[in-house]
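Asker: Provided below for reference: sequence and predicted model.
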Amino acid sequence: MFTIDIDTGGTFTDGFFTKEGEFKTAKVLTTPHDLTVCLADCIKEGARLFGISAREMLANTDVVRYSTTIGVNALITRTGSKIGLIVSKGYKDSLYATDRAQAEAVFTLISKDLIAEVDEAIDDKGNIGKPLDKNDVLAKMQHLIDMGARAIAVALRNSHANPVHEKLLKTIVKEQYPNYYLGSVRVFLASEISDQPGDSYRTNTVVVNGYIHDSLVKYLYKAEDELRANFCLHPLMVAHSHGGVARVAKTRAIDTYSSGPALGVIGAGSVGKLYGYPNVVTVDIGGTSLDLGLIRNGAHRYSSNPLIGGFPVSVPMITTYSAPIASGSIARVDARKNLTVGPQSAGARPGPACFDLGGMEPTVTDADVVLGFIDPGYFLGGRIKLNKAKAENIIKTKIADRLGVAVDEAAYMIREQMGRKTGEEIVRFAQTHGIGAGGLSDFAVVVYGGAGPTHYSDFARGLNFGHSVATPYASVFSAFGSSTTDVLHSYSKSARIELRSPKGYFSDYDFFNGIVTSLSEQARRDIRGEGFSPDNAAYFLELTGGGDPEGNKVRFDRMYLRSEDDVAALCREFIAGEGPVSISAIGLSAFVPMPHLIAKTFEMASKDPRKAMKGSRSVYWSPTSGYQATPVYDRDILVPGNEVSGPAVVEAKDTTYVIPAGAALHIDAYSNAVIRG
């Protein structure tokens, strides 16, 4: 049986396919006009690699897991749904935020004339101070619909403590616009997405979720329908940014935001374990963005209030960082004759000039083609032929002539700036997590993305990583990360509990255990609704302490508190010593194991890589050396034990490894490429 994992990015759609321990990778151009097209294209390509039809593959597939950028794209391009927002009286202008700039960011998604206030009150302990007026709700709701809103987001003050008014408001709207009406109105409640304190965070969350919902749900259901029409017997599983997958019907739009980078971090964690590195930096260079992640002490980091579109939301996500520097980044010369690379990207269509799809801006990929690092006749294994002449012409007219340099020197400058900016972003990212550039010797770096191995030698200079590795599936690594995930559902309940204080240990076990029971019952219902047995799922608690929004979660191996010893054990998970310990939320995660690829080891051959040598070509390594005849090796023919010394180029079907003089690429027992020097 097969497993299929697909990750759609801004430029390419990547596939990772397995069958009984064997894997194949595929890469196709993303089709922004209809992402179901590139999804189908990727599956067809994967099936071709196994020598069968797509229908035959789908009919014999255990699981299809999928991550997509459609939610990100809708937010970035501001092409989401027109939604109305209902808030508590007095908060239309601030949206509960103390920072005016934060509210202004939300107003880029929803205009003020689509925000209404209702006169109600609930205090922070959940007590009703003023009941909701049904006539007031009807009037405000009708006003928003008359203004063009096709969905309503609701974020009332203190709904985390008591959601009764939000739920009543939803009932009122649905009575007037039931689902069987053509003009039915979708209603999104902040309390249904997050029960955490922070009215402004919950408001941001429900607005973003409503804004990106329509484009995402329409597309995902269409994708699932097409899979079923082609004999797929299982539901489409959608990747979530917290690290798991779930059915489309159990997926909220906001859950998918930045899921691709999150999957890469998960996959990198499994690679780090192979080498005994609990600390890993992940570097993913694609066509549109640079995505960075971090694993410390064997665990990836979570953000309880991550930034989406410039404002914090109240949903937990694996911590990643994205920067607008990648292989599709556009190079420009400004009025002062300064060269800049990024932040704009050429994307997939029209793409870089060398794609020959109408792109009229020079990109990093164009520079790599001009310099000889990328063979224009072997891009994606030769499936796409690149136009080197167009790359040379566009760099000449838009960069070289304006700077008064030769074309090859201009291309070299583009590549150098790409590497420098990437290195700076890595250092900045590490520093925000308390790691200086000199401290990276304790970290392995896992390099991936279509352009990761191509630019490693430039960005890694001076960073002194303890170990540098790129897998055979580096170009489709987020899709590989998807293959390591399970069905995962996470639930939480806000609960302010002093586990240990000067008065002693917490002792209201019934209160704590009642919340756990409620969360576990919800998890079992959802798992059963996905077609799995709740008895085959694993359940664990995650407790959130106060303070730092990152790294303040601990996993507890006991489901219930039965004694003071249990409470003391939980306290030790948070801190060493006898200080006070409190928690702000009780979380429960439930996962159902999915099929995974198990890492294999291979016998080691000699260091001699000559059997994999394809020939040589002229490569421009620097203005000093100019073009040099450089050996080119086939990554698919290199075997464990082989070592390629630089200067050299190693070509895979979906990426290129650049090995400068003084560096070497070693194929280890896992068939991974370890880069030295």
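Answerer: That came in fine, so what should we check first?
Asker: burial of Phe443, as a residue count?
Answerer: 24 (other CB atoms under 10 Å). Backbone N, C-alpha and C define where each C-beta goes, glycine included.
Asker: my read: it touches Val281, true?
Answerer: Yes. Counting by CB atoms under 8 Å, Phe443 does reach Val281; the two are 5.0 Å apart.
Asker: Can you work out which residues contact both of those two?
Answerer: Residues touching both Phe443 and Val281 by CB atoms under 8 Å, 6 or more residues apart in numbering: Phe465.
Asker: got the residue ranges for the helices in the stretch 351-500 of the chain?
Answerer: 364-371, 388-395, 401-403, 407-432, 452-459, 477-483 (DSSP state H, counting those that start in this stretch).
Asker: outside of the shortest one, which residues touch it?
Answerer: Among residues not part of helix 401-403, those counted as contacts by CB under 8 Å, 6+ apart are Val333, Lys337, Leu339, Ala410, Met413.
Asker: Would you mind finding the most buried of the helices of the stretch 351-500 of the chain?
Answerer: Per residue and on average, the most neighbours among those fall to helix 477-483, with a mean of 31 (mean count of other CB atoms under 10 Å).
Asker: Return the list of helices and strands in contact with it.
Answerer: For helix 477-483, the packing partners by 3 or more CB pairs under 8 Å, 6 or more residues apart in numbering; DSSP states H and E come out as strand 2-8, strand 12-19, strand 61-67, helix 259-274, strand 444-448.
Asker: Next, the buried residues of stretch 119-131.
Answerer: Glu120, Ala121, Ile122 (16 or more other CB atoms under 10 Å).
Asker: Quick check: beta-bridge partners of Ala470?
Answerer: Ala673 (DSSP bridges).
Asker: Contact partners for it?
Answerer: Here Ala470 is in contact with Val446, Val447, Tyr448, Gly452, Pro453, Tyr456, Tyr657, Asn672, Ala673, Ile675 (CB under 8 Å, 6+ apart).
Asker: can I get the contacts of helix 401-403 in CSV with pLDDT and distance to Phe2?
Answerer: CSV is the format used below for the contacts of helix 401-403 (pLDDT from 0 to 100; distance: CB to CB, whole Å):
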residue, pLDDT, distance to Phe2
Val333, 96, 49
Lys337, 92, 54
Leu339, 96, 46
Ala410, 98, 46
Met413, 98, 45
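Asker: got the domain boundaries for this protein?
Answerer: 2-75+217-256, 82-149+151-184, 487-592, 622-676 (automatic domain parsing).
Asker: what about the helices of the stretch 351-500 of the chain, which gets the closest to Tyr539?
Answerer: helix 477-483 (22.7 Å; CB to CB).
Asker: who touches that closest one?
Answerer: With CB under 8 Å, 6+ apart, helix 477-483 has contacts from 3, 5-7, 9, 14-16, 18, 25, 65-67, 239, 245, 260-268, 284, 446, 448-449, 452, 471, 473, 596-597.
Asker: From those residues, keep the buried residues only.
Answerer: Listed as buried from those are 3, 5-7, 9, 14-16, 18, 25, 65-67, 239, 245, 260-268, 284, 446, 448-449, 452, 471, 473, 597; burial here means 16+ other CB under 10 Å.
Asker: nearest to Thr319, of the helices and strands packed on helix 477-483?
Answerer: Here helix 259-274 is closest among the helices and strands packed on helix 477-483 (CB to CB), at 8.1 Å.
Asker: Note down every partner strand of the helix or strand just after that closest one and its orientation.
Answerer: Beyond helix 259-274 on the C-terminal side, the first helix or strand identified by DSSP states H and E is strand 280-285. Using DSSP bridges, the strands paired with strand 280-285 are strand 290-296 (antiparallel), strand 444-448 (parallel).
Asker: angle of strand 280-285 against helix 452-459?
Answerer: 110 degrees (axes from the mean of the first three to the mean of the last three CA atoms, to 10 degrees).
Asker: Quick one: mean pLDDT over strand 280-285.
Answerer: What strand 280-285 shows for mean pLDDT is 95.
Asker: ok, Asp356 - how many residues close by?
Answerer: Neighbour tally, Asp356, other CB under 10 Å: 17.
Asker: go on, Gly434?
Answerer: Applying other CB under 10 Å, we find 8 residues neighbouring Gly434.
Asker: What of the one 10 residues further on?
Answerer: The criterion is other CB under 10 Å. On that basis, Ala444 has 24 neighbouring residues.
Asker: Show me what it is bridged to.
Answerer: Val280, His467.
Asker: Does it touch Gly272 like I think?
Answerer: Yes. Using CB under 8 Å, Ala444 makes contact with Gly272 at a distance of 5.4 Å.
Asker: Please identify every residue contacting each of the two.
Answerer: In contact with both Ala444 and Gly272: Asn279, Val280, using CB under 8 Å, 6+ apart.
Asker: Need phi/psi at the closest residue in space to Lys170 that isn't next to it in sequence.
Answerer: Closest residue in space to Lys170, ignoring its immediate chain neighbours: Val187 at 4.6 Å, by CB to CB, 6 or more residues apart in numbering. Here is the backbone geometry of Val187 (degrees, to the nearest 10): phi -130, psi 130.
Asker: what's Val187 in contact with, if anything?
Answerer: Ala151, Ile152, Ala153, Val154, Leu169, Lys170, Val173, Lys174.
Asker: Out of these, who's the most crowded?
Answerer: Ala153 (31 neighbours).
Asker: Tell me how far Thr8 lies from Thr256.
Answerer: 11 Å (CB to CB, to the nearest Å).
Asker: What of Gly462?
Answerer: For Gly462 relative to Thr256 (CB to CB), the value is 36 Å.
Asker: With neighbour numbers in mind, choose between these two.
Answerer: Thr256 (24 against 10).
Asker: quick one: which of the contacts of helix 401-403 is nearest to Pro163?
Answerer: Nearest member of the contacts of helix 401-403 to Pro163, counting by CB to CB, is Leu339, at 53.6 Å.
Asker: tell me the contacts of that closest one?
Answerer: Ala331, Arg332, Val333, Ile399, Leu403, Met413, Ile414, Gln417 are the contacts of Leu339 under CB under 8 Å, 6+ apart.
Asker: now swap in Gly466 and tell me
Answerer: Here Gly466 is in contact with Tyr277, Leu440, Ser441, Asp442, Phe443, Ala444 (CB under 8 Å, 6+ apart).
Asker: hmm, back to that, show me the one of the domains of the chain that comes nearest Phe602.
Answerer: Closest among those, using CB to CB: domain 622-676, at 4.5 Å.
Asker: tilt between the least confident helix or strand in the chain by mean pLDDT and strand 2-8?
Answerer: None of the helices or strands of the chain scores lower by mean pLDDT, DSSP states H and E than helix 70-77, at a mean of 76. Calculated by the same axes, to 10 degrees, helix 70-77 forms an angle of 0 degrees with strand 2-8.
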